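Colleague: turn this into a model:
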Amino acid sequence: MRQLTVTIPDDFYETFISFFKHVPDVSIDENVENEIPLWQQEMVLERIKNAKPEDYVSWEESKKRLNAKWNKK
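Modeller: This is a model prediction of the structure:
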């Protein structure tokens, strides 16, 4: 037997699973360990869409601010 890892769009998931559930000797192991919930993906996309250029801070500036806040060099 062979093992296969497949990445599919969310809207195709149910169709894909329902098809393979009927194939003899197939086991489906879902790995949801690193899955980001859809509500959180939507929230991030909404924040990105509504962000203004002045909301963005470079990594160098962020590092300076964090170091200043935590008194680290």
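Colleague: the residue nearest to the spatial centre of the chain in helix, strand or coil?
Modeller: Nearest to the mean C-alpha position of the chain, by CA atoms, centre = their mean, lies Ile36 at 4.1 Å. Here Ile36 is coil, with the state taken from DSSP: H, G, I helix; E, B strand; the rest coil.
Colleague: count the neighbours of the residue lying closest to Val57 once chain neighbours are set aside for me.
Modeller: Leaving aside its chain neighbours, Val57 sits nearest to Arg65 (7.5 Å; criterion: CB to CB, 6 or more residues apart in numbering). Just so you know, the C-beta spots here come from the backbone N, C-alpha and C atoms, and that holds for glycine as well. Here the count is done by other CB atoms under 10 Å, and Arg65 has 11 residues near it.
Colleague: gap between Arg65 and Trp39?
Modeller: Remark: distance between Arg65 and Trp39 (CB to CB, to the nearest Å) = 29 Å.
Colleague: picking that back up, next, the buried residues of whichever strand or helix holds the residue nearest to Val57.
Modeller: Per DSSP states H and E: Arg65 is located in helix 59-70. Within helix 59-70, no residue is scored as buried using 16 or more other CB atoms under 10 Å.
Colleague: just the mean pLDDT for that helix, thanks.
Modeller: Across helix 59-70, the average pLDDT comes to 92.
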